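Undergrad: dropping the sequence and predicted coords here.
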Amino acid sequence: MMKFSANLGFLWNELDLPDAIRAAKSARFDAVECHWPYDVSAQDVKAALKETGLVMLGLNTRRGNVEGGDNGLSAIPERVEEARAAIDEAINYAVEINAHCVHVMAGFASGPEAHKTFASNLKYACDIAIPHGIQILIEPLNGYDAPGYFLASTDQARDIINEVKADNIALMFDCYHVQLIEGDLSHRLEKLMPIIGHIQFASVPDRGSPDHGEINFEHVFSTISELGYSAPVGAEYKPVGPTIDTLSWMSKYA
């Protein structure tokens, strides 16, 4: 049977993070993950994790000035100092709560200088994360939701991972984004499994729960299991209504 992680950036996001962790435990998730927990005391999050016995799989670096249109900083040549401050903050927070991974967000950029900047910032992140046993993740985002995002395909992500050459860098394979970018999920999972550090999912095209839409999740989840991936897979979907009312799919797969 599959193991699942609740992404608390979307699920139970009306609750504060410690209570969302408790809700995920009550719903029988195996782990949790989040987006940007920085406004919440790390000690409060750590206490909720200890209380529930859940592990925080990962969190994201800050996006930057969201009102100004930022969606990450690490591929923007003129903002290296900000990007590295965001990386430091994310890794420090991850260390405090014993999180496994940090997703370094690239941001809106393009061209050779953006590539060089992103690779350099990723090397920086890997170097400071590895003593703590933290894995650095990168994630391609689709052009419908994030037009102009620097990291835009799994091939590009693979090339950057190969260039960085760190033992603790991996791909975040989000089935929702990959389906919209490239499709062919089963073959891409098989091809990319050696560099995958975490898998997420949501329906396409509405980014809802996995019991509808164009992706056959029964097949996708079976493929993930057959490929030997046994870590919790991240439910990163946008619930329509209360989260608890959208979890009927779990009884089929968990």
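TA: Sure thing, it's come through.

Undergrad: so where do the helices sit in the stretch 151-254 of the chain?
TA: 154-164, 175-181, 185-192, 217-226, 250-253 (DSSP state H, counting those that start in this stretch).

Undergrad: buried deepest among those, which one?
TA: Mean neighbour count (mean count of other CB atoms under 10 Å) peaks for helix 175-181 among those, with a mean of 23. All C-beta spots, glycine's among them, are computed from the backbone N, C-alpha and C.

Undergrad: can I get the helices of the stretch 151-254 of the chain in CSV with distance to residue 36 and mean pLDDT?
TA: Formatted as CSV, the helices of the stretch 151-254 of the chain follow (distance: least, CB to CB, whole Å; pLDDT from 0 to 100):
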stretch, distance to residue 36, mean pLDDT
helix 154-164, 21, 98
helix 175-181, 18, 98
helix 185-192, 26, 98
helix 217-226, 27, 97
helix 250-253, 25, 91
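
Undergrad: which of those sits closest to residue 10?
TA: With CB to CB, the closest approach to residue 10 among the helices of the stretch 151-254 of the chain belongs to helix 175-181: 11.1 Å.

Undergrad: residue 130 looks like it's in a helix, true?
TA: Yes - counting by DSSP: H, G, I helix; E, B strand; the rest coil, residue 130 falls inside a helix.

Undergrad: distance to residue 124 added to the helices of the stretch 151-254 of the chain, as CSV?
TA: Putting the helices of the stretch 151-254 of the chain into CSV (distance: least, CB to CB, whole Å) gives the following:
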stretch, distance to residue 124
helix 154-164, 10
helix 175-181, 25
helix 185-192, 24
helix 217-226, 31
helix 250-253, 38
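
Undergrad: compare those and give me the one nearest residue 240.
TA: Nearest to residue 240 among the helices of the stretch 151-254 of the chain is helix 175-181; the distance by CB to CB comes to 15.3 Å.

Undergrad: what's the spacing between the closest one and its chain's center?
TA: Distance, stretch centre to chain centre, for helix 175-181: 13 Å (CA atoms, centre = their mean, to the nearest Å).

Undergrad: which strands and helices sit next to that helix?
TA: When contacts are defined as 3 or more CB pairs under 8 Å, 6 or more residues apart in numbering; DSSP states H and E, helix 175-181 sits against helix 185-192, strand 196-201.

Undergrad: how about residue 140, what does it touch?
TA: Going by CB atoms under 8 Å, 6 or more residues apart in numbering, residue 140 touches 149, 151-154, 156-157, 174, 177-178, 181.

Undergrad: out of the residues you listed, who's nearest residue 45?
TA: Nearest member of the contacts of residue 140 to residue 45, counting by CB to CB, is residue 174, at 23.0 Å.

Undergrad: surely that closest one and residue 237 touch.
TA: No - counting by CB atoms under 8 Å, residue 174 sits too far from residue 237 to count as a contact (10.5 Å).

Undergrad: quick check: neighbours shared by these two?
TA: 201-202.

Undergrad: I appreciate the help and will end here.
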